[in-house]
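Colleague: Structure here, sequence nowhere to be found:
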């Protein structure tokens, strides 16, 4: 989200209230901004270096009228931020709702990030790095693809996340070996002479692999 | 570590000082207790549910004389704990040093845990689950094995961490495919007629795989 009257952006976030679970607070932020519940939200890392202290940002918030001047000193302290990433199909989500500190929210491609406050750029980098590593041991795609999808559609999702092209045959072989796809015996009609097979996820196996990793691991 | 005069144990930990990096504080706790520096320490998850609140533990600490009674209310609040695991070869480490709250420290097998405070048992469970998943995309063994080691020694390490037996041929094939082992052209002598080959890690490739995952991934 773009901060009010500033040419600088920030990730959405919030404070954890004393009587709330940290995970629930993350879900609440997501729901407030996107209206979405029940989506994949994964805590990936906590950020707590002293260099996160940003007295200028605290002064800016006072100037914007977002925080009371009596809170300025408190806001100038170093925070520890617990990072979560969510996976959503952004075309299905209404544009996130700005909070009191921001002009507007928008989806931004990872290769074309605007200037971000504090260490938010490295938080995004760490989230992306984590996600890429996780592709090696757990599935992805549920909630990001239609219920029925083709192998090329699934491959395109991986290629987007990895930011690289994958070999079609290797991808197919590896993905089938994971045992999380069900061949629906249906084909996508009307896309040329070689209609691709439609798959869906075997959700029991899918979520078991999310929990414990693929059984084709060690 | 076993808490003073109680039949209950706790993971080592400490508070994060306002002017210190969270990662550095974790390193400091490790060093204080084990005398070790420069070892693999990995932040794996933060724990922040409200059910972590444990007023009884705060009262116990006052009773033990570990905290000042004026601090009791502060200690009764819910803490957010940022979990780190370290990998050490425990036979090479002196027995961890107890802090003011504990009688003594000891190494405990994961299958035979004593009663633990708050959610420390689930913290251990999460650490072990994370480590098992990570075996699927990044190497392990540096600092846990001698500089030169055999394939059966490396396999034994994996079997310990996974708590299951692995197939010898599959293990060897998969491990060699990762491209992180260097065949030293030496053999372990004096262990029967089939002396096993000694390997060492290619540290450049090893640490690159720690950072980005195995290149044999997607």
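Modeller: That came through fine. Source: prediction; values computed, not measured.
Colleague: Report the beta-bridge partners for the nearest residue in space to residue A:114 that is not next to it in sequence.
Modeller: Among residues not flanking residue A:114 along the chain, residue A:9 sits closest, at 4.7 Å (C-beta to C-beta, 6 or more residues apart in numbering or on different chains). The C-beta positions use only the backbone N, C-alpha and C, and glycine is treated the same way. Here residue A:9 sits in beta bridges with residue A:2, residue A:116, as judged by DSSP bridges.
Colleague: Show me what the helix or strand of chain A with the lowest mean pLDDT is packed against.
Modeller: Lowest on mean pLDDT, DSSP states H and E among the helices and strands of chain A sits strand A:102-104, with a mean of 83. Counting contacts by 3 or more C-beta pairs under 8 Å, 6 or more residues apart in numbering or on different chains; DSSP states H and E, strand A:102-104 packs against strand A:2-3.
Colleague: The strand it packs on - what's its average pLDDT?
Modeller: Mean pLDDT, computed over strand A:2-3, is 85.
Colleague: Give me the contacts around the helix or strand following the least confident helix or strand of chain A.
Modeller: Scanning forward in sequence from strand A:102-104 by DSSP states H and E, the next helix or strand is helix A:120-134. Here helix A:120-134 makes contact (C-beta atoms under 8 Å, 6 or more residues apart in numbering or on different chains) with A:9-11, A:44-45, A:47, A:81, A:83, A:85, A:110, A:113, A:116, A:140, A:161-162, B:137-138, B:212-213, B:217-218.
Colleague: Show the buried residues in these.
Modeller: Among the contacts of helix A:120-134, those classed as buried by 16 or more other C-beta atoms under 10 Å in any protein chain shown are A:9-11, A:44-45, A:47, A:81, A:83, A:85, A:116, A:140, A:161, B:137-138, B:213, B:217-218.
Colleague: Among those, name the ones in helices.
Modeller: residue A:161 (DSSP state H).
Colleague: and stretch A:54-68, which residues are buried?
Modeller: Quick answer for stretch A:54-68 (16+ other C-beta under 10 Å): A:54, A:57, A:58, A:60, A:61, A:66, A:67.
Colleague: ok, and what's touching it?
Modeller: Residues outside stretch A:54-68 that contact it (C-beta under 8 Å, 6+ apart): A:3-6, A:69, A:71-72, A:75-76, A:100-101, A:117-118.
Colleague: Flag every residue of chain A that's near chain B.
Modeller: A:16, A:18-23, A:43, A:45-51, A:77-78, A:80, A:82, A:129, A:132-133, A:135-138, A:158, A:162, A:166, A:171, A:174, A:212-214, A:217-218 (C-beta under 8 Å from any C-beta of the partner chain).
Colleague: Which parts of chain A are strands?
Modeller: A:2-3, A:41-47, A:81-86, A:102-104, A:181-187, A:197-201 (DSSP state E).
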